[in-house]
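Enquirer: any chance you could fold what I've pasted below:
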Amino acid sequence: MNLHLIAIGGSIMHNLALDLHFNGHTVTGSDDEIYDPAKSRLQQAGLYPKQLGWNESSIHSGLDAVIVGKHAREDNPELKKAVSLGLKVFSFPSFVAEMSANKKRIVIAGSHGKTTTTSMVMHVAKHAELDFDYLVGAQLDGFERMVKLSDAPYIIIEGDEYLTSPLDDRPKFLHYKASAAVITGIAWDHMNVFPTLANYEYQFERFIESTEESACIYYYAGDPALVQLANHFPVQKMKAYNGFESKKIEEGSLVSIGGEQVKVPFFGNHNMQNLEASYYLCKELGISDSTFIKAIQTFKGPAKRMQKLLDNSSHRVYQDFAHAPSKVKATLEAFVRQFEDEKIVACLELHTYSSLNKAFLPQYKGSLEGADIAIVLYDPHALKMKRMPDLSKEEVKAVFGEHVLVFNDPKDFARYLEALEKTNTCFLMMSSGPWGGLELKSILK
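Expert: This is a model prediction of the structure:
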């Protein structure tokens, strides 16, 4: 096929471009800004646009289809021309759905743990030598790209609830028509597009309704909102799980799986929930308990999910993608439990639309309790780029508490961390953002 990708520089879009290119398709693309690693990877493959910006001449009748990323706006000149020419225009998720219509589709949804659960299933499926395609929201060990589309009979999909594209305001996960699925939990997020908790919860009801009639939906039974939602659907469709029982050990956990005690290199209640969810999905793929147990012992986790950046004789540093209130609270609780004999320095960067929204900010109340030192960073530049009103340090402190240190200058934040006594300390760095351009490993070495 001859394909053009609008907003090719996005995290998932550039991975799709690379996969299509290496599978023999002719691929072009455009974007108004592209940063590494997308820039370098596209350049290496010869897919980097000749010039940045939108160019209507890139859109012509010789294209088989146009795929548009979420970053593009509705008035994008390339998008408008594609529509006027009557070309097939796909969003990223609708294209994935088109390419996987005849596959068994395993979809992982929920407000937290999607990427980790998806990567667990992928890790085990690869160990089992299963032929499968996938879509996941992070770079994983053992997988060259975040997207793979082929003629495999299965596809494992991280199902995002965020909106699809400038032309389609449905959540992405509604496109996939899951053959089997997991919902890990529901905690209000993305306030900029889901203005109320009820509206946000409704998207997951729509997701269940979108699945195949025979699909089994596994859901976390410790989430009251999910339990209430499950009661609206037939019992045979909704299957509850609670998370595997585990004990803390050095460098991980001892987990009970199928009556066997298994050592795994990760920890935390959320990860035990993710683990049981992945176990049931692997059963949906026909993977045996023995294969699952052997494979999961070597699971290292996706990038930026409880990822160890540094561990020396003095201190250790982890980074985590936690940014929503429930994720922050759960991640911090896991670290306090796992490293109870160490000083915990918990740092949270406010970077998303929701976290920087004054109306949503109170959702974070109490989320950093338990840390020995709690720090919040936000960069006024992020507010400006998102066209959001100014946020004062006093407003942030009023939500998180007087004990929490608040910085709105990344350089001041860096100087504070560099000066801290680091002996017997665990640094937990939580954000989906860039930390104001700081290099965490060099600051915390």
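Enquirer: tell me which residues in the helix or strand harbouring Ile293 are buried?
Expert: Under the criterion of DSSP states H and E, Ile293 resides in helix 289-296. By neighbour count on 16 or more other Cβ atoms under 10 Å, the buried set for helix 289-296 is Thr291, Phe292, Ile293, Ala295, Ile296. C-betas here are computed from N, CA, C, even on glycine.
Enquirer: same check on stretch 72-80?
Expert: Within stretch 72-80, the residues scored as buried using 16+ other Cβ under 10 Å are Ala72, Asn76, Glu78, Leu79.
Enquirer: ok, now stretch 23-38?
Expert: Neighbour-count burial for stretch 23-38, counted by 16+ other Cβ under 10 Å, picks out Val27, Thr28, Gly29, Ser30, Asp31, Ile34, Ala38.
Enquirer: of the residues you listed, which is the nearest to Ala109?
Expert: Nearest to Ala109 among the buried residues of stretch 23-38: Ala38, at 25.5 Å, using Cβ to Cβ.
Enquirer: tell me which residues touch that closest one, please.
Expert: Listed by Cβ atoms under 8 Å, 6 or more residues apart in numbering, the contact set of Ala38 reads Ile8, Gly9, Gly10, Ser11, His14.
Enquirer: was I right about the last one contacting Leu42?
Expert: Yes - proximity of His14 to Leu42 meets the contact threshold set by Cβ atoms under 8 Å, at 5.7 Å.
Enquirer: how about the strands in the stretch 51-200 of the chain?
Expert: 65-68, 89-91, 104-109, 132-135, 147-148, 154-158, 163-165, 168-171, 180-183 (DSSP state E, counting those that start in this stretch).
Enquirer: what about the stretch 301-445 of the chain, any weak spots by pLDDT?
Expert: In the predicted model of the stretch 301-445 of the chain, no residue satisfies pLDDT under 70.
Enquirer: all the helices of it, residue numbers only.
Expert: In the stretch 301-445 of the chain, helices defined by DSSP state H, counting those that start in this stretch lie at 325-338, 380-385, 393-400, 410-419, 440-443, listed in chain order.
Enquirer: please identify the most buried of those.
Expert: helix 325-338 (a mean of 21; mean count of other Cβ atoms under 10 Å).
Enquirer: ok, the spatially most distant residue from the centre of the chain to Leu85 distance?
Expert: Largest separation from the mean C-alpha position in the chain: Ser61, at 35.7 Å (Cα atoms, centre = their mean). Distance of Ser61 to Leu85, given as Cβ to Cβ, to the nearest Å: 6 Å.
Enquirer: now do Leu5
Expert: Counting by Cβ to Cβ, the separation of Leu5 from Leu85 is 16 Å.
Enquirer: so these two - more neighbours on which side?
Expert: In this view Leu5 and Leu85 are compared by other Cβ atoms under 10 Å, and Leu5 has more residues nearby, 29 against 13.
Enquirer: what about the helix ranked longest in the chain, distance to the chain center?
Expert: Ranked by residue count, the top helix of the chain under DSSP state H comes out as helix 269-284. Chain-centre distance of helix 269-284: 16 Å, with Cα atoms, centre = their mean, to the nearest Å.
Enquirer: cool, and stretch 221-238?
Expert: The answer for stretch 221-238 is 23 Å, by Cα atoms, centre = their mean.
Enquirer: now swap in stretch 243-262 and tell me
Expert: The chain centre lies 25 Å from the centre of stretch 243-262; the measure is Cα atoms, centre = their mean.
Enquirer: could I get the buried residue list for it?
Expert: Buried residues in stretch 243-262, counted by 16+ other Cβ under 10 Å: Gly243, Phe244, Ser246, Gly252, Ser253, Val255, Ile257, Val262.
Enquirer: then stretch 267-287?
Expert: Neighbour-count burial for stretch 267-287 flags 267-268, 270-279, 281-282, 284-285, 287 (criterion: 16+ other Cβ under 10 Å).
Enquirer: restricting to C-alpha, output it in PDB.
Expert: C-alpha atoms of stretch 267-287 as PDB (Å, rounded to 0.1, in the frame of the first residue of the first chain):
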ATOM      1  CA  PHE A 267       6.400  -5.800  43.600                       C
ATOM      2  CA  GLY A 268       3.400  -3.800  44.700                       C
ATOM      3  CA  ASN A 269      -0.400  -4.600  45.000                       C
ATOM      4  CA  HIS A 270      -1.100  -3.100  41.600                       C
ATOM      5  CA  ASN A 271       1.500  -5.400  39.900                       C
ATOM      6  CA  MET A 272      -0.100  -8.400  41.600                       C
ATOM      7  CA  GLN A 273      -3.400  -7.400  40.100                       C
ATOM      8  CA  ASN A 274      -1.700  -6.800  36.700                       C
ATOM      9  CA  LEU A 275      -0.100 -10.300  37.000                       C
ATOM     10  CA  GLU A 276      -3.400 -12.100  37.700                       C
ATOM     11  CA  ALA A 277      -5.100 -10.200  34.900                       C
ATOM     12  CA  SER A 278      -2.300 -11.200  32.500                       C
ATOM     13  CA  TYR A 279      -2.600 -14.800  33.700                       C
ATOM     14  CA  TYR A 280      -6.200 -15.000  32.600                       C
ATOM     15  CA  LEU A 281      -5.500 -13.400  29.200                       C
ATOM     16  CA  CYS A 282      -2.700 -15.900  28.600                       C
ATOM     17  CA  LYS A 283      -5.200 -18.700  29.300                       C
ATOM     18  CA  GLU A 284      -7.400 -17.100  26.600                       C
ATOM     19  CA  LEU A 285      -4.400 -17.500  24.200                       C
ATOM     20  CA  GLY A 286      -4.100 -21.200  25.200                       C
ATOM     21  CA  ILE A 287      -0.900 -20.700  27.200                       C
END
